[in-house]
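Asker: what follows is a predicted structure for the sequence shown.
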Amino acid sequence: MTVRIGVVGTGAIGRDHTRRINQVLTGGRVTALSDVNPDSARSVKADVAPEAEIFATGEQLIESDAVDAVMVTSWGATHEAYVLAAIAAGKPCFCEKPLATTAEGARRIVDAETARDKRLVQVGFMRRYDAGYRLLKQAVDRDIGPVLMVHAAHRNPTVPPHYTTPMAINDTLIHEIDVLRWLLDDDYVSAQVVFPRRTFHAPGDLKDPQVVLLETAKGVRIDVEVFVNCRYGYDIQCQVVGEEGIASLPEPMSIVVRKDARLQNQILTDWKDRFIDSYDVELQDFLNAAAQGTASGPTSWDGYVAAISSDACVAAQEAPGAIVPIALPARPALYD
Ligand code: NAP
C-alpha cells in the first residue's frame, strides 16, 4: 500500500520531508500540499512533489479523501489545531516539534487521542532515531549499571538576532528534554538554571551560556550546558555515568587528517547535518505505522511531558538558582 501524505507547512523542513518521502523512503507519496504562502507550496510541488494537489487551507487538506495521513510542518503555533483536526478525521499524523506551544494545548491533543483510544500522533523528536543515541541507549540499558549522572552539552556556533533566552529552552534544550527521558526511561521532578559569565558574542540581552540542572524520579542528576554562540561548531555531547561504567554519545563520523604536525577531525557547523540520517529513519517509521492506520515513535504524551518540563525550565530561568518542581499527571494507559 502507498500511503497518501498531505503536508501542511512547506517551509524548510516541510520541503525536506516531502523530498524524503518522494525520493528516499518507501511506502508513501506526497499527494497534497498546503501553506499560508501558496507560492511556497507551488515551489515544493514543482521541485519535489509534481503530482501533489495544492489546498487553500490545512483543514481542507486534512479532510480530503485524497489524504490518508498528515504531516504538520508549519510554524509551531499552528500545530495544535492541525493535529486536532487530523485526530478528528481519524488520520495518522506526524507533527514536527513542538506538538503545541503550551502544555494545555498538548494536553488537549492527548485527550483527543485517548478519547479515540488509538495512537494516531508521532512527534518529531528525531534524536530517538539517531544511530549514536540508539547505541548509547543499548550501553545504558545493558553495560554501565544504574545511572547516577548525565553530563550533556548543546552548542551552536551562532544564533540569529531574534533568538531569546526562553528559546534556549523551547527550541534548543527541548531535544535534550525528550531524548534524555527516553535514554534513561525516567521522568523529571525538578529543574534549576544557573547562568555562568555571559559570552561577549551573545546578541542583544540573550543570556548565553546557561546550565540547566534536571533531577529525575530515580534520583539521576543531569547537567546540560546550552551554549548557542560557541563559535567553533554545532556540537552535541552526552556522557552517562553509571555505577559500573561511563557511556558517551559517539562523535559524528569524520575523516582523521594527519597534517602539519597535527591530528585533525572536522567538527560540523550546521545542525541540519548532525541528525540528517535520523530524519529518514523517523519518517520511514511514520510511513510504516501509517500504512497500518496508526502511529509509532514519540507520542503525544511525550510531547505533553516535554511541554510541561520546558515550562518548568523557563520558570527556572526567570528565578536563577531556584529549584522548580516538575509534577506530571497520571499517564493514560494508551501510552504504556
Ligand atoms: P519555516 O521554514 O518557517 O516553515 C514554516 C512554514 O509553515 C512556512 O512556510 C510558513 O509560511 C508556514 N506556515 C505558517 N503558518 C501556517 C499555517 N497556518 N498553515 C500552513 N502553513 C503555515 O520553518 P521550519 O524550519 O520549516 O520549521 C517548521 C517546524 O518544524 C517548526 O515547528 C520547527 O520547530 C520544526 N523543526 C524541527 C526540526 C527538528 O530538528 N526536528 C528542525 C527544523 C524545524 P510563511 O513562511 O509564509 O510564514
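Answerer: The structure has been received and is ready for your questions. Numbering: from 1, shown residues only.
Asker: show me where pLDDT drops low in the stretch 101-250 of the chain?
Answerer: Applying pLDDT under 70 to the stretch 101-250 of the chain flags no residue at all.
Asker: so what's Val179 closest to, chain neighbours aside?
Answerer: Residue nearest to Val179 in three dimensions, not counting chain neighbours: Arg127, with 4.2 Å by C-beta to C-beta, 6 or more residues apart in numbering. C-beta coordinates here come from the backbone N, C-alpha and C atoms, glycine included.
Asker: was I right about that neighbour contacting Phe275?
Answerer: Yes. The pair Arg127 / Phe275 is scored as a contact, 6.2 Å apart, by C-beta atoms under 8 Å.
Asker: which of these two has more residues huddled nearby?
Answerer: Arg127 (23 against 20; other C-beta atoms under 10 Å).
Asker: residues contacting the more buried one?
Answerer: 133, 175, 178-179, 275, 278 (C-beta atoms under 8 Å, 6 or more residues apart in numbering).
Asker: want to try CSV for these, with distance to the ligand and secondary structure as columns?
Answerer: CSV is the format used below for the contacts of Arg127 (distance: C-beta to the nearest ligand atom, whole Å; DSSP: H, G, I helix; E, B strand; the rest coil):
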residue, distance to the ligand, secondary structure
Tyr133, 13, helix
His175, 7, helix
Asp178, 10, helix
Val179, 11, helix
Phe275, 7, coil
Ser278, 9, helix
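Asker: from the residues you listed, pick the one nearest Ala290.
Answerer: Nearest to Ala290 out of the contacts of Arg127 is Ser278 (C-beta to C-beta; 18.3 Å).
Asker: just give the number of residues close to the closest one.
Answerer: Neighbour tally, Ser278, other C-beta under 10 Å: 19.
Asker: again with Val281
Answerer: 17.
Asker: can you show me the helices along the stretch 151-300 of the chain?
Answerer: 167, 174-184, 271-274, 276-291, 300-318 (DSSP state H, counting those that start in this stretch).
Asker: which residues does the residue of the chain at minimum distance from the ligand contact?
Answerer: Using C-beta to the nearest ligand atom, the single residue of the chain nearest to the ligand is Gly11, 1.8 Å away. Neighbouring residues of Gly11 by C-beta under 8 Å, 6+ apart: 35, 40, 73-75.
Asker: Gln60 too?
Answerer: With contacts defined as C-beta under 8 Å, 6+ apart, Gln60 is in contact with Ser34.
Asker: the chain should start at 51 in everything you say after this.
Answerer: Will do, 51 is the new start, and the previous item becomes Gln110.
Asker: toward the C-terminus, what is the element adjacent to the strand or helix carrying it?
Answerer: Assessed by DSSP states H and E, Gln110 sits inside helix 108-113. Where DSSP H and E defines the elements, the next helix or strand beyond helix 108-113 is strand 119-122.
Asker: wait, does that following strand contact the ligand?
Answerer: No. Using C-beta under 6 Å from any ligand atom, strand 119-122 never reaches the ligand; the gap is at least 8.3 Å.
Asker: can you name the element that comes right after that strand?
Answerer: Immediately after strand 119-122, counting by DSSP H and E, sits helix 129-138.
Asker: got the CA positions of that next one in PDB?
Answerer: C-alpha atoms of helix 129-138 as PDB (Å, rounded to 0.1, in the frame of the first residue of the first chain):
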ATOM      1  CA  HIS A 129       0.500  22.700  15.100                       C
ATOM      2  CA  GLU A 130      -2.200  22.100  17.800                       C
ATOM      3  CA  ALA A 131      -5.200  22.900  15.600                       C
ATOM      4  CA  TYR A 132      -3.900  20.800  12.700                       C
ATOM      5  CA  VAL A 133      -3.100  17.800  14.900                       C
ATOM      6  CA  LEU A 134      -6.500  18.000  16.500                       C
ATOM      7  CA  ALA A 135      -8.100  18.100  13.000                       C
ATOM      8  CA  ALA A 136      -6.100  15.000  11.900                       C
ATOM      9  CA  ILE A 137      -7.200  13.200  15.100                       C
ATOM     10  CA  ALA A 138     -10.900  14.200  14.400                       C
END
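Asker: helices or strands up against the helix or strand just after it?
Answerer: Downstream of helix 129-138, the next assigned helix or strand under DSSP H and E is strand 143-145. Strand 143-145 is packed against strand 119-122, helix 129-138, strand 171-173, with contacts defined by 3 or more C-beta pairs under 8 Å, 6 or more residues apart in numbering; DSSP states H and E.
Asker: so what touches the longest one?
Answerer: Think helix 129-138. Against helix 129-138 from outside (C-beta under 8 Å, 6+ apart): 58, 108-109, 112-113, 120, 122, 124, 142-143, 145-146, 148-151, 155-156, 158-159, 162-163, 166, 170-171, 350.
Asker: what's the answer for stretch 365-372, then?
Answerer: Counting by C-beta under 8 Å, 6+ apart, 215-216, 218-219, 241-245, 257, 260, 262, 373-374 sit against stretch 365-372.
Asker: again, but for stretch 300-320
Answerer: 182, 185-186, 207, 282-285, 324.
Asker: quick one: which two of the residues you listed are the most distant?
Answerer: So, these by C-beta to C-beta: farthest apart are Leu185 and Pro207, at 25.9 Å.
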